[in-house]
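S.K.: Here's a sequence, model it:
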Amino acid sequence: MTNKRKIINDPVYDGFLTIEDDIIFDVLSHPFFQRQRRIKQLGLTCLVYPGAMHTRFSHMLGALNLMNRALDVLKVKGIKLTEEEVLGAKLAILMHDIGHGPFSHTSEHTLVDLPHELCSRLFMDWLNVEFGGRLRTAIQIFDDTYPKHFLHQLVSSQLDMDRLDYLGRDSFFTGVSEGIVGTDRIINMLNVRDDRLVVDEKGIYSVEKFIISRRLMYWQVYMHKTVVAADTLLLNILARARELAAQGDTLGIEQAPLYDFLSHHYTLQDFEQDGQLLERFAMIDDSDIDCAMKGWVRHGDKVLSTLSEHLVNRHISAIRVADKPFESAMVAELQERTQRLFDIGRHESEYFVNTGILRNHAYDYNDQEIRVLFKDGTCRDIGDASDQLDRHFLEKQVTKYFIYFPKELKA
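M.R.: Presented below is the predicted three-dimensional model:
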């Protein structure tokens, strides 16, 4: 039975995304993909920017929208693309983030010891079998094993449809204008030279703004200190729950899929040996952790109950950020004061007081470089082509250190 043509409204682009391919509609309709409606794109960022409630589902649709546009631009410029390659690129970008766990990046390597890209690949393999091998080209493009390398760059590179969408989308829903970039201009300037994705010379200023905007968004949104404090709080809650589960505590959720992943440390080998494990992982989303935390507020373990109450009621830890590491004596003092505050032991105080590192750089020369195509046919890296962004600026990695501790100790 042929699926009906679907039109989806996207407020970020003030227009419509048209779903014309049956297989794309089928993937969108699959429970693995529908799960993305229940996973927030920016995790706990909504505790700082209340509008940041958009989901992985909307981001993946947005990235598909941009892929449609980019492929159309390349075809107009004479780049030969078969229908199978066009469909494969669309499916690859559509499924690129399907492996994210609850609260997106926040829980990565927490419930399963796998990066989300590898989880996405596991989901793709499953769906490829279910859909009779129709995702084979998409998987090859995702893996960068397909002969046309530039198609992979549209999915994953330093100027891909993923980054273009999440910058604009996250800016739209947080209200942070620094993330606004000339998406249409950049896409219209895309080209291919020697099987590599390039940007026509006229798009160089838009690319400069894209790189700067991404750097600013990391500090203002993704690494906002209160977001970091909230993410750390969630991770500490899950770590304490995992510690208690290892001691035989059922946490009041012994029948839930979440408990399975808190009480076991699953690896890639486990997923390969247990064909049903991926299905169980797909049953976990933000709502499972939200519901569990509300129950843990009344848990008998003081650490788990206190941490959960703090996150449920947005009683976020105090956090300080500095250019150099915090002295161990300061950390020890705060931990001792925390022990007295909550009447807990030394080990338990580490859930409330500890340190971490934040790193941010605008560009990675070890990744696929952004190349600019000049009118004379030569290509140069953006660092050499730009008047504004020299190699020193692009290579600079900013490292900052943070310490978090109970608000009650703030003085």
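S.K.: can you pull out the strands in the stretch 151-300 of the chain?
M.R.: 190-193, 196-200 (DSSP state E, counting those that start in this stretch).
S.K.: Could you export these to CSV, including columns for mean neighbour count and mean pLDDT?
M.R.: C-betas here are computed from N, CA, C, even on glycine. Formatted as CSV, the strands of the stretch 151-300 of the chain follow (neighbours: other CB atoms under 10 Å; pLDDT from 0 to 100):
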stretch, mean neighbour count, mean pLDDT
strand 190-193, 20, 97
strand 196-200, 20, 97
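S.K.: And residue 378, how close does it get to residue 371?
M.R.: 10 Å (CB to CB, to the nearest Å).
S.K.: The two: which has the busier surroundings?
M.R.: residue 371 (20 against 11; other CB atoms under 10 Å).
S.K.: how far away is the nearest residue to residue 128 once chain neighbours are set aside from residue 147?
M.R.: Nearest residue to residue 128, sequence neighbours excluded (CB to CB, 6 or more residues apart in numbering): residue 135, at 4.0 Å. Between residue 135 and residue 147 the computed distance is 17 Å (CB to CB).
S.K.: more crowded one of those two?
M.R.: Taking other CB under 10 Å, residue 135 and residue 147 do not tie; residue 135 has more neighbours (24 against 8).
S.K.: Surely that one touches residue 124?
M.R.: Yes. Applying CB atoms under 8 Å, one finds residue 135 in contact with residue 124, separated by 6.0 Å.
S.K.: where do the contact lists of the two overlap?
M.R.: Common contacts of residue 135 and residue 124, defined by CB atoms under 8 Å, 6 or more residues apart in numbering, comprise residue 95.
S.K.: What are the buried residues along the helix or strand where residue 335 lies?
M.R.: Secondary structure from DSSP states H and E places residue 335 in helix 328-342. Across helix 328-342, burial judged by 16 or more other CB atoms under 10 Å covers 331, 334, 335, 337, 338, 339, 341, 342.
S.K.: What helices and strands are in contact with it?
M.R.: The contact analysis (3 or more CB pairs under 8 Å, 6 or more residues apart in numbering; DSSP states H and E) places helix 328-342 against helix 302-312, helix 346-349, strand 397-405.
S.K.: quick one, which of those is packed in tightest?
M.R.: Most buried of the helices and strands packed on helix 328-342, by mean neighbour count (mean count of other CB atoms under 10 Å): helix 302-312, with a mean of 20.
S.K.: Next SSE downstream of that helix?
M.R.: strand 318-322.
S.K.: Partner strands of that next one, with direction?
M.R.: Here strand 318-322 is paired, per DSSP bridges, with strand 397-405 (antiparallel).
S.K.: What lies in contact with the partner strand?
M.R.: 225, 228-229, 232-233, 317-326, 330-331, 334, 338, 352-361.
S.K.: cool, and stretch 251-265?
M.R.: Contact with stretch 251-265 is made by 111-113, 238, 241-242, 244-246, 250, 270, 280-281, 283-284, 288-289, 292, 295-296, 299, as judged by CB under 8 Å, 6+ apart.
S.K.: any idea of the mean pLDDT in that stretch?
M.R.: Stretch 251-265 comes out with an average pLDDT of 95.
S.K.: Pull out the buried residues from it.
M.R.: Quick answer for stretch 251-265 (16+ other CB under 10 Å): 251, 253, 256, 257, 258, 259, 260, 261, 262, 263.
S.K.: would you turn those residues into CSV with distance to residue 73?
M.R.: Shown next, in CSV, are the buried residues of stretch 251-265 (distance: CB to CB, whole Å):
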residue, distance to residue 73
251, 51
253, 49
256, 46
257, 42
258, 43
259, 48
260, 46
261, 42
262, 46
263, 50
